[in-house]
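In: take this sequence and fold it.
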Amino acid sequence: MTAPSPTTSALTPVFVRLKLSLLKNGLRQSGGRRAAYITSAVLALLFAALQLLGLIALRGNAHAATLTVLLVALLAIGWAVMPLFFPSGDETLDPTRLVMLPLRPRSMIGALLAASLVGIGPLFTLCLLLGSAIAVATRGVGAALVAVLAVPLALLVCVALARAVAAANTRLLTSRKGRDLAVLSGLVIAIGLQFVNFGAQRLGDAGGLSALDPAAEVVRWLPPSAAIGAVDSMSEGAYGRAAAQLLLCVAALGLLLYAWERSLVKLMTTPDGSTLAASDASRKESSGRGLASLLPEGRTGTVMLRTLRYAWRDPKTKAAWITSLAIGLIVPVFNALQGAGTVYFACFATGMLGMQMYNQFGQDTSAFWMVLLTISSTRDAYLELRARALALLLVTLPYTVLVAAVTAGMLGDWAKLPEVVGLALALLGAMLATGSVASATLAYAIPQDSRRNVAPGQGGIAALSILGGMVVSAVLCAPLIVLAVWLHVAGPHAGLWLLLPLGAAYGGLVCWVGLRVGAGRAVGRLPEILGAVSEG
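Out: Here you go, the predicted structure:
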């Protein structure tokens with residue numbers, strides 16, 4: 001006979017103690033991790049306290065309901081995406097660790113839900129929900145009673161949402177794609193801050209929070225914002241509307257728990273086929289070269305293909321590329337939307353992508369020894385660096401033209417497009433040149449088992465490589481910049497289009513010189529480069 005599965009009430013204290021033990025043991029691993037956790041906890045709680053006081057001070061404001069329901073909606077979005085970008089933040093998010101235990105999914109849900117309420121995140125959320133409820137519970141005892149129900153209900157919906165998303169994507173989060181998502185978390189935060197900044201400025205132009213009232217009218221019916229909407233409805237005396245909004249939150253919680261249970265059943269009864277899928281993908285890739293057949297033959301094509309595969313497969317290289325592509329487009333476009341932009345901001349995208357040429361050998365890590373074995377002369381080193389530069393140009397050239405054209409179109413300043421593209425090409429050539437020299441002279445390691453982008457003790461080398469290269473690149477572009485300024489101030493404006501071919505030719509010449517110098521440096525420093533990139 002098999003032993004009966006433990007009930008939820010019996011499992012709950014066990015899972016809560018397990019969560020506390022995992023947290024405590026994680027802090028014991030190193031003093032740095034303990035200091036980082038304590039610092040983040042203090043800052044998060046301080047911010048939560050300030051938010052709580054601010055929301056309480058908003059009590060009675062005409063737009064309090066608008067602000068609070070939208071704030072809770074953003075909070076729910078954060079809970080939904082948190083497991084995708086920070087899967088290692090809570091080991092209990094991975095239910096496959098419990099597969100071998102004699103537990104039933106239904107009895108695990110309540111215990112895991114209780115364990116999820118332990119931590120800084122739930123406490124932060126509770127403070128914001130409590131402040132939101134106080135801000136809108138302005139009249140009557142009924143509103144206060146509904147708030148007592150709405151706050152824990154909204155908190156449970158947020159936690160259940162995070163658990164359901166994590167359980168549904170467990171296979172993804174434990175794969176290479178999941179690690180890619182974790183590395184890209186910083187990019188998502190950076191882009192999100194840009195949108196928040198843009199939205200805040202647009203609100204100021206549109207007359208304040210009243211511009212958000214139409215959106216709030218819709219969001220107040222979406223859980224968990226509907227819980228705060230129920231408190232506001234009760235304050236207004238709309239008892240039926242308040243009851244409907246609470247019922248919507250209860251129904252949403254039930255659906256999330258049901259979806260969570262289904263995912264747990266599937267995880268605990270279905271074998272993991274990711275290895276088979278990966279092998280099938282490898283066989284498909286090896287069966288035909290596809291676009292790779294368009295690359296040149298010999299060493300150049302092989303190195304270009306390897307560089308492009310690094311950019312697609314390696315999580316940190318991919319993160320650097322996507323960050324450069326996204327930020328390089330966001331800065332000129334958002335400035336154009338705000339009416340303070342210029343077509344010359346398109347050069348920012350060129351600079352972001354040009355930085356990918358720096359530390360080319362560092363992305364190889366200790367595997368650089370295989371590249372080292374293929375370099376026996378300055379020409380071999382030149383062909384290696386040239387191929388890597390050509391791989392960057394495959395993406396950088398069309399992207400630079402695209403960003404410049406989009407920016408010119410948004411600003412209606414097409415006349416400046418040729419000169420901007422010419423300056424951008426000159427800057428690109430200069431950055432490829434300085435990047436080649438920096439890769440050979442100031443190589444540093446990129447750790448693969450942590451989120452650090454520089455090995456300990458090599459931060460100064462990385463800073464000197466990037467900042468020094470950017471300064472030298474700007475100096476190398478000085479002749480084209482001076483010519484552009486002269487044509488604008490004293491020269492014939494009709495000759496500004498000449499900056500396009502001159503910039504392309506000048507950028508190509510500078511790039512060729514830089515590759516030659518970098519190759520000469522690299523062939524004489526191969527052992528030093530290998531030692532530097534292997535430290536991580």
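In: in the chain, what helix or strand scores lowest on average pLDDT?
Out: Among the helices and strands of the chain, helix 274-287 carries the lowest confidence by mean pLDDT, DSSP states H and E, at a mean of 46.
In: low-scoring stretches of the stretch 351-500 of the chain, by residue?
Out: The stretch 351-500 of the chain contains residues with pLDDT under 70 at 448-452, 456, 491.
In: that one: helices as residue ranges?
Out: Ranges of helices within the stretch 351-500 of the chain are 368-373, 378-411, 417-441, 459-476, 478-489, 499-523, based on DSSP state H, counting those that start in this stretch.
In: residue 45: which of those is closest?
Out: Counting by CB to CB, residue 45 lies closest to helix 459-476 out of these; the figure is 30.0 Å. Quick note: C-beta positions are derived from backbone N, CA and C, even for glycine.
In: so what touches the closest one?
Out: 351, 354-355, 358-359, 427, 430-431, 433-435, 437-438, 442-444, 453-454, 510, 532 (CB atoms under 8 Å, 6 or more residues apart in numbering).
In: the particular helix or strand that has residue 215 in it packs against which elements?
Out: Assigned by DSSP states H and E, residue 215 belongs to helix 213-219. The elements that helix 213-219 packs onto, with contact taken as 3 or more CB pairs under 8 Å, 6 or more residues apart in numbering; DSSP states H and E, are helix 64-85.
In: just the CA trace of the helix it packs on, in PDB.
Out: Output in PDB follows, covering the C-alpha atoms of helix 64-85 (Å, rounded to 0.1, in the frame of the first residue of the first chain):
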ATOM      1  CA  ALA A  64      -6.400  58.700  -6.300                       C
ATOM      2  CA  ALA A  65      -8.400  55.800  -7.900                       C
ATOM      3  CA  THR A  66      -6.900  56.400 -11.300                       C
ATOM      4  CA  LEU A  67      -3.300  56.300  -9.900                       C
ATOM      5  CA  THR A  68      -3.900  53.300  -7.600                       C
ATOM      6  CA  VAL A  69      -5.600  50.900 -10.000                       C
ATOM      7  CA  LEU A  70      -2.900  51.600 -12.600                       C
ATOM      8  CA  LEU A  71      -0.100  51.200 -10.000                       C
ATOM      9  CA  VAL A  72      -1.600  47.800  -9.000                       C
ATOM     10  CA  ALA A  73      -1.800  46.800 -12.700                       C
ATOM     11  CA  LEU A  74       2.000  47.600 -13.100                       C
ATOM     12  CA  LEU A  75       2.700  45.600  -9.900                       C
ATOM     13  CA  ALA A  76       0.800  42.600 -11.400                       C
ATOM     14  CA  ILE A  77       2.800  42.900 -14.600                       C
ATOM     15  CA  GLY A  78       6.000  42.900 -12.500                       C
ATOM     16  CA  TRP A  79       4.900  39.700 -10.700                       C
ATOM     17  CA  ALA A  80       4.100  38.000 -14.000                       C
ATOM     18  CA  VAL A  81       7.500  38.700 -15.700                       C
ATOM     19  CA  MET A  82       9.600  38.300 -12.600                       C
ATOM     20  CA  PRO A  83       9.900  34.500 -12.800                       C
ATOM     21  CA  LEU A  84      11.000  34.800 -16.500                       C
ATOM     22  CA  PHE A  85      13.900  37.200 -15.800                       C
END
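In: number of residues surrounding residue 55?
Out: Taking other CB atoms under 10 Å as the criterion, the count of residues near residue 55 is 23.
In: again with the one 5 residues further on
Out: By the measure other CB under 10 Å, the count of residues near residue 60 is 10.
In: contacting residues for it?
Out: Contact analysis of residue 60 by CB under 8 Å, 6+ apart lists residue 138.
In: do you know the pLDDT at it?
Out: Note on residue 60: pLDDT of 79.
In: for it, helix, strand, or coil?
Out: coil (DSSP: H, G, I helix; E, B strand; the rest coil).
In: can you give me the helices for the stretch 1-150 of the chain?
Out: Counting by DSSP H, counting those that start in this stretch, the helices of the stretch 1-150 of the chain are 8-27, 31-57, 64-85, 105-116, 120-136, 141-168.
In: could you point out which element follows the least confident helix or strand of the chain?
Out: Following helix 274-287 toward the C-terminus (DSSP H and E): helix 298-313.
In: which residues touch that next one?
Out: If you take CB under 8 Å, 6+ apart as the criterion, helix 298-313 is touched by 176, 292, 295-296, 317-318, 321, 363, 374, 380, 383-384, 386-388, 390-392, 394.
In: show the buried residues in those.
Out: Buried by 16 or more other CB atoms under 10 Å: 295, 317-318, 321, 363, 380, 383-384, 386-388, 390-392, out of the contacts of helix 298-313.
In: turn those residues into JSON lines, columns for distance to residue 102.
Out: Written out in JSON lines, the entries for these read as follows (distance: CB to CB, whole Å):
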{"residue": "295", "distance to residue 102": "55"}
{"residue": "317", "distance to residue 102": "44"}
{"residue": "318", "distance to residue 102": "41"}
{"residue": "321", "distance to residue 102": "46"}
{"residue": "363", "distance to residue 102": "46"}
{"residue": "380", "distance to residue 102": "61"}
{"residue": "383", "distance to residue 102": "61"}
{"residue": "384", "distance to residue 102": "57"}
{"residue": "386", "distance to residue 102": "61"}
{"residue": "387", "distance to residue 102": "57"}
{"residue": "388", "distance to residue 102": "54"}
{"residue": "390", "distance to residue 102": "58"}
{"residue": "391", "distance to residue 102": "53"}
{"residue": "392", "distance to residue 102": "55"}
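In: between the residues you listed, which is nearest residue 225?
Out: Of the buried ones among the contacts of helix 298-313, the one sitting nearest to residue 225 (CB to CB) turns out to be residue 318, at 34.4 Å.
In: can you tell me how far the closest one is from residue 383?
Out: Going from residue 318 to residue 383 by CB to CB, to the nearest Å gives 25 Å.
In: go on, residue 507?
Out: Note on residue 507: its distance to residue 383, by CB to CB, is 20 Å.
In: do residue 38 as well
Out: 52 Å.
In: for residue 261, which non-adjacent residue is closest in space?
Out: With CB to CB, 6 or more residues apart in numbering as the criterion, residue 261 has its nearest non-adjacent residue at 5.1 Å, and that residue is residue 105.
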